[in-house]
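Trainee: Please find the sequence and the predicted model below.
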Amino acid sequence: MQNTIELNKISHHFDTAHERIELFRDLELTIQAGETLAIVGPSGAGKSSLLSIAAGLETAAKGKVIFTIDGAVVDALEMRSNSGFIFQQFHLMPELDAIGNLALPLRLKGNRDAFDVAAEWLDKVGLKDRARHKPHQLSGGEQQRIAVARAFVSAPKFIFADEPTGNLDARTSDGVCSLMFDCAAESGAGLVVVTHSNRLALRANNSLHLEAGRLEQAA
């Protein structure tokens, strides 16, 4: 079934006390499940805003976004329920252990097998022996591996990652990057990544460069 995100003539800006900053104007982009896309560009170009609009987290100033899940057009709320998110900050619940953090999205959806599924994912990301460790007892790389697993645990149609390796050293970044792309390939989810890392961007099927309001193929 068709799972797509269509951005039609999307424009966005933000206002400061003294001026309006135009991020981009009339952008056109189609994202499909099963594909991986990297968005690169300088700081302040609007990459994170574009990601948020594509994910249904933020509404564009102008233009239209059409979300299609299993062949049916859905609203932004339904889109978000079919998406997983990975951020530069890990955003794990500090009071929950690793398996509890992984089980939480499933429990919120009423899945009675939440902890069994979470245990399978912990094993998949190589952290089975860290199940009862809380975030402060884990390294940054371990926390981000759990954050990646949490994004995929509910079998979403799309994954959105905003600088997912920004807080990690090069070696750890490579491991997290491989994990993220491997999970996307295995699950068939569409993966959209905002990154400053050309190394990460090269892993994607398609890489686009956002600068001065224009979205073009990356060199």
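Mentor: That came in fine, so what should we check first?
Trainee: And for residue 19, the neighbour number?
Mentor: Other residues lying near residue 19 total 9 when counted by other CB atoms under 10 Å. Every C-beta, even on glycine, is put in place using the N, C-alpha and C of the backbone.
Trainee: Next one: it from residue 13, what distance?
Mentor: According to CB to CB, to the nearest Å, residue 19 and residue 13 sit 10 Å apart.
Trainee: in the sheet, who's paired with residue 192?
Mentor: Beta-bridge pairing for residue 192 (DSSP bridges): residue 37, residue 160.
Trainee: What separation do you get for it and residue 65?
Mentor: Following CB to CB, the distance that separates residue 192 from residue 65 is 13 Å.
Trainee: more crowded one of those two?
Mentor: Taking residue 192 and residue 65 together and counting by other CB under 10 Å, residue 192 has the greater number of neighbours (26 against 19).
Trainee: correct me, but the more buried one touches residue 54?
Mentor: Yes: if you go by CB atoms under 8 Å, residue 192 and residue 54 touch, sitting 6.2 Å apart.
Trainee: any common contacting residues for the two?
Mentor: 31, 160 (CB atoms under 8 Å, 6 or more residues apart in numbering).
Trainee: how about the helices of this structure, start to end?
Mentor: Remark: helices assigned in the chain by DSSP state H are 47-55, 76-81, 98-108, 114-124, 140-152, 170-187, 198-201.
Trainee: who wins for proximity to residue 210 among those?
Mentor: helix 47-55 (5.5 Å; CB to CB).
Trainee: so who does the residue nearest to the spatial centre of the chain touch?
Mentor: The centroid of the chain falls nearest to residue 160 when counting by CA atoms, centre = their mean (1.7 Å). For residue 160, the contacting residues are 51, 54, 55, 83, 84, 85, 86, 192, by CB under 8 Å, 6+ apart.
Trainee: and with 7 Å instead?
Mentor: 51, 55, 83, 85, 192 (CB atoms under 7 Å, 6 or more residues apart in numbering).
Trainee: I'd like to know which of these is nearest to residue 142.
Mentor: residue 85 (18.6 Å).
Trainee: what stretches of the chain score poorly on pLDDT?
Mentor: Low-confidence segments of the chain (pLDDT under 70): 1.
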